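1. Kindly generate the corresponding structure for this input.
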Amino acid sequence: MTNKKSKFEFKDNRPFITKVKEFAQSMLFWRARSKGMISTRNIQWDDIRAVFFPKDFYEKYQYLGSVPYTEKGDLFKAIYPLILAMDYEAKPKFCPRWFLRFLHLFGCDNSIVRVRNRFLHDLSRKLTKGILIWDYKTKWCDYDLRISISSPKYLQDLADDIEHGFYSRGKQEELVEQILKLDPNASIIGGSIKRLQKQLEELEEKLELKNWDVTLLDGLEDEL
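-> Take a look at the predicted model:
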């Protein structure tokens, strides 16, 4: 009796290394899951790479939450010392940073609001003492920085000082620009918003009075 091959028979011709790689993917790279309006994300090879071999500032400290994506610009320079201070306080001495990134990925879905695995999420929060940067942004103008973090008071004080300093420098630059626009030869003494604001107001009053005198003289000449 001869055995006939089934037309549905499938022969796997993939190389062994490909089989191993795809098996590892099936074990490690959990697919996105949805529950109601909440959905997790697909984990890719690049996410795993970032855990063990971060290539930039964001990937290195992303376990802290909404850290800057780019290392350029005034915002990054302002927030940079805060992130380093948060990392110093959040990372236990016995715990490697890659493990915190691992927990953030598989427990928190690399997010500040999602929970992928409750046990890993809670472990992440316990190890880091709940220290997290929720958001940073400028609101009414490009120097009006707002920072939102969960942290001990001394870190919150640091964030407040960064906000005030960033605003002060930005506001002073704006006032200096306005003063020099009215009087390119004006003597500028920085370091105080109040002093520069007073200098600008006095200059505006002086120019307004000068323009009023010119208008009055022109009116008198017309009458004569």
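
2. Where does pLDDT dip in this structure?
-> 1-12, 14, 19-39, 211-224 (pLDDT under 70).

3. so what are the domain limits for it?
-> Using automatic domain parsing, the domain ranges for the chain come out as 40-151, 171-216.

4. how much distance is there from the longest one to the middle of the chain?
-> By that I understand domain 40-151. In this view, domain 40-151 has its centroid 9 Å away from the chain centroid, taken as Cα atoms, centre = their mean, to the nearest Å.

5. Any idea how far apart the tips of it sit?
-> One end of domain 40-151 sits 26 Å from the other (Cα to Cα, to the nearest Å).

6. Next, work out how far apart the residue most central in space within the chain and residue 54 are.
-> The residue lying closest to the centre of the chain (Cα atoms, centre = their mean) is residue 68, at 3.3 Å. Between residue 68 and residue 54 the computed distance is 14 Å (Cβ to Cβ, to the nearest Å). Every residue, glycine included, has its C-beta placed from N, CA and C.

7. picking up where we left off before, just the element for the residue nearest to the centre of the chain, please.
-> Following DSSP states H and E, there is no helix or strand that holds residue 68.

8. count of neighbours near the closest residue to it other than its chain neighbours?
-> Among residues not flanking residue 68 along the chain, residue 76 sits closest, at 4.7 Å (Cβ to Cβ, 6 or more residues apart in numbering). Using other Cβ atoms under 10 Å, the number of residues around residue 76 comes to 17.

9. Residue 76: what secondary structure?
-> With DSSP: H, G, I helix; E, B strand; the rest coil as the basis, the three-state label of residue 76 is helix.

10. Which stretches in the protein count as strands?
-> Per DSSP state E, the chain carries strands over the ranges 34-35, 38-39, 132-138, 145-150.

11. just checking, what packs against the last one?
-> Under the contact criterion of 3 or more Cβ pairs under 8 Å, 6 or more residues apart in numbering; DSSP states H and E, the helices and strands touching strand 145-150 comprise helix 74-90, strand 132-138, helix 153-182.

12. Put together TSV for the ones you listed, with distance to residue 115 on each row.
-> Formatted as TSV, the helices and strands packed on strand 145-150 follow (distance: least, Cβ to Cβ, whole Å):
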stretch	distance to residue 115
helix 74-90	19
strand 132-138	14
helix 153-182	24
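
13. hang on, residue 133 packs against residue 146?
-> No. In this structure, residue 133 is not within contact of residue 146 by Cβ atoms under 8 Å, at 11.8 Å.

14. which one of these two has more residues nearby?
-> Shown here are residue 133 and residue 146; by other Cβ under 10 Å, residue 133 has more neighbours (23 against 14).

15. List the residues that contact that one.
-> 64, 65, 66, 67, 82, 83, 86, 147, 148, 149 (Cβ atoms under 8 Å, 6 or more residues apart in numbering).

16. Could you export those residues as JSON lines, including distance to residue 183 and neighbour count?
-> Converted to JSON lines, those look like this (distance: Cβ to Cβ, whole Å; neighbours: other Cβ atoms under 10 Å):
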{"residue": "64", "distance to residue 183": "46", "neighbour count": "23"}
{"residue": "65", "distance to residue 183": "46", "neighbour count": "25"}
{"residue": "66", "distance to residue 183": "42", "neighbour count": "19"}
{"residue": "67", "distance to residue 183": "42", "neighbour count": "21"}
{"residue": "82", "distance to residue 183": "38", "neighbour count": "21"}
{"residue": "83", "distance to residue 183": "41", "neighbour count": "21"}
{"residue": "86", "distance to residue 183": "44", "neighbour count": "26"}
{"residue": "147", "distance to residue 183": "36", "neighbour count": "20"}
{"residue": "148", "distance to residue 183": "40", "neighbour count": "14"}
{"residue": "149", "distance to residue 183": "42", "neighbour count": "21"}
